[in-house]
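# structure for this input, please:
(2 chains)
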Number of protein chains: 2
Amino acid sequence: MSDTQAQKQFVEDLTDQSDDFSRWYTEVIRKSQLADYAPVRGCMVIRPYGYAIWEHMQSLLDRRIKATGHQNAYFPLLIPESLLALEAEHVEGFAPEVAWVTHGGKEKLEERYCVRPTSEAIIGHMYSRWIESYRDLPVLINQWCNVMRWEKVTRLFLRTAEFLWQEGHTAHATGEEAQEEVLRMLEVYRDFVETELAIPVYAGPKSEMEKFAGADMTYAIEALMRDGKALQAGTSHNLGQHFAKVFDITFQDEQGRRQYVYQTSWGLTTRMIGALIMTHGDDQGLKLPPHVAPIQAVVVPIWRKPEERAAVTEFVNRLRHSLEGRVRVWVDDRDQYTPGWKYNEHELRGVPVRLEVGPRDVAQGAVMSVRRDTRAKESIRLEHLPERLPVLLEDIQRALFQAALEFRDQNTSRVTSVAELEAHFAERRGFVALPWKDDADAETAIKQKTGATLRCIPLDQKPFSGLSKDGAPVALFARAY
Amino acid sequence: MSDTQAQKQFVEDLTDQSDDFSRWYTEVIRKSQLADYAPVRGCMVIRPYGYAIWEHMQSLLDRRIKATGHQNAYFPLLIPESLLALEAEHVEGFAPEVAWVTHGGKEKLEERYCVRPTSEAIIGHMYSRWIESYRDLPVLINQWCNVMRWEKVTRLFLRTAEFLWQEGHTAHATGEEAQEEVLRMLEVYRDFVETELAIPVYAGPKSEMEKFAGADMTYAIEALMRDGKALQAGTSHNLGQHFAKVFDITFQDEQGRRQYVYQTSWGLTTRMIGALIMTHGDDQGLKLPPHVAPIQAVVVPIWRKPEERAAVTEFVNRLRHSLEGRVRVWVDDRDQYTPGWKYNEHELRGVPVRLEVGPRDVAQGAVMSVRRDTRAKESIRLEHLPERLPVLLEDIQRALFQAALEFRDQNTSRVTSVAELEAHFAERRGFVALPWKDDADAETAIKQKTGATLRCIPLDQKPFSGLSKDGAPVALFARAY
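The predicted model follows:
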């Protein structure tokens, strides 16, 4: 990774999306150093550049989770097999894909533990001990942690044996409050993903077939990747009283009666980094939305003659100083690379704005800014930069969302019969909207014939008005990650 | 936790420290809802109040870790047995206390994985792939994560099978740079623990016997708990080239020669929450340093007659508004508890300042503040509160450090012979300073006779000047957690 010539080639060798999207995806992740394969089956290493994106996501989402009254906590990594097994649907859904701890030190354990694939069971157990009265409700807890699902086929960020996420787990006195919470958090996810990641989503319930193992109802936000495949970007489950009954989570109501609580859970994972890559990236590499970009603007100092260096450096220092605390700036003053090489690398890595500073710019008291998304250039005077750059970054954030929205809308088709839907998927991808009544057999048949699944029934049916003739809501189908 | 009478008793029943410190410790954790036992051998649940302390610690330490040039990343939870086994001392130190994953789903794995007890092995493996040239150095990476050590005897926060920590792992071109890094991070820990947790520490190298499995040299900061036992509060290891040689981590230097890198690692864990409790707590409960207290000031509105309620509530709302963004305030307006009950609970939970607001305070346009540490009262006018309260909180932060420092110094004895040291530990606890030359046999003998271990050889020898007659540095011994 250190030989200039080799790395230049490295950047230029990026496969085109249209040639092989999947290969483009893996290459861009490894070349931009977002992540790497680990010597552990199906696991990855999130490298500093990728992890910094996750840190920005965490910070922006955590703020929203706390603003809606939730607190963070931490529950154990390991779950006793007997506890996981209590909820029948839950264990059936997860047992085939968990990693089992059977030995501690040199001893074989009496009962084996699974590495948490999700924490409903362990948290349900604790809630049964903590909750006694209606005054203890609602319980609104979130956890940021690692989870493990022993997947057969894995892919960086999208499907790895271990991934990072947050999982919210709440308990309520009534089913109405639980349902309000489910929708509140779905809306938190929608707002977070659209505002901060610039990824437009459809939000709504899943079908019975696609719901979470152990839930009454699952809601999801669904995004469209640039290869036309959908990606589930966050889920919010109404667990009803399923777990309350098996874990005996009860409270005394105001009349002194014992009641079971109503629960919800909701999660969003590091796969959103994958979504970010596949929503915005192009043949030159990543395009990171400024809100989560580790570097929002990279400064490339340029000089030919040694005597130019001092003036450029002094100017760059003033520039850096003027942006402190406003914009995440990195000055790329590495000697071993040419400016042109750096341009390529920062485009590959998706830095939203490049600021070029050469002797002529210094003479004019200005920098040349270049947008990653449109490549538009603009000379900005140094004294205007602290005001202009944040505006430019917000423009880029909006433009990325707008471009993704147009792509998504252009790739959302409307049909009125299963036959049309099948004809669509024989030739194309994208979302297909079809008026739908829950029917597991028909859903299975579609999946077998087309590979497409029911992604969600959008809560907002306005974009599809007129499509349904009998009042049945429209469901969205797509092939998905 | 909902019956008023029961909870009042709950608070009042707290065991005195002098009666049974260990019992006081466990009770105060459970009653203040910092943590709870989990249904998993040796594991705990960190409840929201405890986790919020950890979040403040993370934020304050992470800032320092980044300010010294490090970036965060994430490496896999599982480590293949063959990788752990490469460094002989390391595997010998850790293999007896790791949890083993042997099955994925229904399949037995070809090679078993351990749940990371620490990540030198997996990170060493990745560094060997990432580092090629001197230009790639130094590599300065930190990771926040969970780790697992299958301990026989466990205790909330102090020693649990699973705990949370950060682990820094760096690679350098020269041994000098690595040693600078080791001392830099030791100083970061000292500054963090003293400034933010108000816990005074001795900082210095460990003996050969007490160093980390696989290190050339281990440095630690050591604190003193109120029962006279020492607690290791953070460690910084110089790994030399041990791991570089077994994981083949090499770089090409400026002359084109292949060289092994020099490495460091350093960590600080959730046991620091335990240290916080045992450094500052008293018979009434916790005393949290304001810098990491989830609630820095609790407001208790007081009224007897219904007509007083509106005025008090309106005043409290103005108060809350005036402190927004300056102080972490919680208004405890729960109806089911009396003000007196709330005072007890917030003292138990260690909230640094209580603000009482009754009709007479409202009439005077003031609140009555009560410090948790000294119980000193002070009437503060509402308009002065936004300026006065932060100052008061800083006073408390300093006073807690000062009290802990006095206690620590009063409990640091100076002796000049092993016989005196043994006589000390026959009667008392605390730190004992003794001039020392590394001698594993003598160290083992002391441990067997007194239960005390060599905690560190303080880098700052000034407090012990004159004790050593032959120029040997002073070492500190103590019984320890």
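# from the stretch 151-300 of chain A, which residue is nearest to chain B?
For the stretch 151-300 of chain A, the residue closest to chain B is A:E162, as judged by C-beta to the nearest C-beta, at 5.4 Å. C-beta here means a position set from N, CA and C on the backbone, and glycine is covered the same way.
# verify the stated contact: that residue with B:P76.
Yes: with contact defined as C-beta atoms under 8 Å, A:E162 reaches B:P76; the gap is 5.9 Å.
# out of those two, which sits in the busier spot?
Per other C-beta atoms under 10 Å in any protein chain shown, whichever of A:E162 and B:P76 has more neighbours is B:P76, with 27 against 24.
# ok, and the closest non-adjacent residue to the more buried one?
A:C43 (4.1 Å; C-beta to C-beta, 6 or more residues apart in numbering or on different chains).
# pLDDT score for the one you found?
On pLDDT, A:C43 comes in at 95.
# same check on A:V292?
Per-residue confidence (pLDDT) for A:V292: 98.
# hmm, back to that, residues contacting the residue of the stretch 151-300 of chain A closest to chain B?
A:E162 sits next to A:V40, A:G42, A:C43, A:M44, A:N146, A:V147, A:M148, B:P76, B:L77, B:L78 when contact means C-beta atoms under 8 Å, 6 or more residues apart in numbering or on different chains.
# how near is it to A:E345?
Taking C-beta to C-beta, to the nearest Å as the measure, A:E162 and A:E345 are separated by 29 Å.
# same check on A:E120?
For A:E120, the distance to A:E345 - C-beta to C-beta - is 44 Å.
# the two: which is more packed in?
Neighbour totals were compared for A:E120 and A:E345, and A:E120 leads with 30 against 21 (other C-beta under 10 Å).
# what sits against that one?
A:E120 makes contact with A:E87, A:H90, A:H169, A:G214, A:L239, A:F243, A:S265 under the criterion C-beta under 8 Å, 6+ apart.
# please report phi then psi for the residue of the stretch 301-450 of chain A found nearest chain B.
For the stretch 301-450 of chain A, the residue closest to chain B is A:Q336, as judged by C-beta to the nearest C-beta, at 6.4 Å. Dihedral angles of A:Q336 (phi, psi; degrees, to the nearest 10) stand at phi -80, psi -10.
# wait, it sits on B:R135?
Yes: the criterion here is C-beta under 8 Å, and A:Q336 meets it with B:R135 at 6.4 Å.
# what about those two, which has more around it?
Legend: neighbour count by other C-beta under 10 Å for A:Q336 and B:R135, higher for B:R135 (17 against 11).
# my guess is the more buried one meets A:D335, correct?
No: judged on C-beta under 8 Å, B:R135 makes no contact with A:D335 at a distance of 9.5 Å.
# before we move on, back to that, any idea which of the contacts of A:E120 is closest to A:L158?
Distance to A:L158, by C-beta to C-beta, is smallest for A:S265 among these, at 21.3 Å.
# which neighbouring elements make contact with whatever helix or strand that closest one lives in?
Using DSSP states H and E, A:S265 sits in strand A:262-269. Counting contacts by 3 or more C-beta pairs under 8 Å, 6 or more residues apart in numbering or on different chains; DSSP states H and E, strand A:262-269 packs against helix A:120-130, strand A:162-172, helix A:175-196, strand A:230-240, helix A:242-247.
# at 7 Å instead, please
Counting contacts by 3 or more C-beta pairs under 7 Å, 6 or more residues apart in numbering or on different chains; DSSP states H and E, strand A:262-269 is packed against strand A:162-172, helix A:175-196, strand A:230-240.
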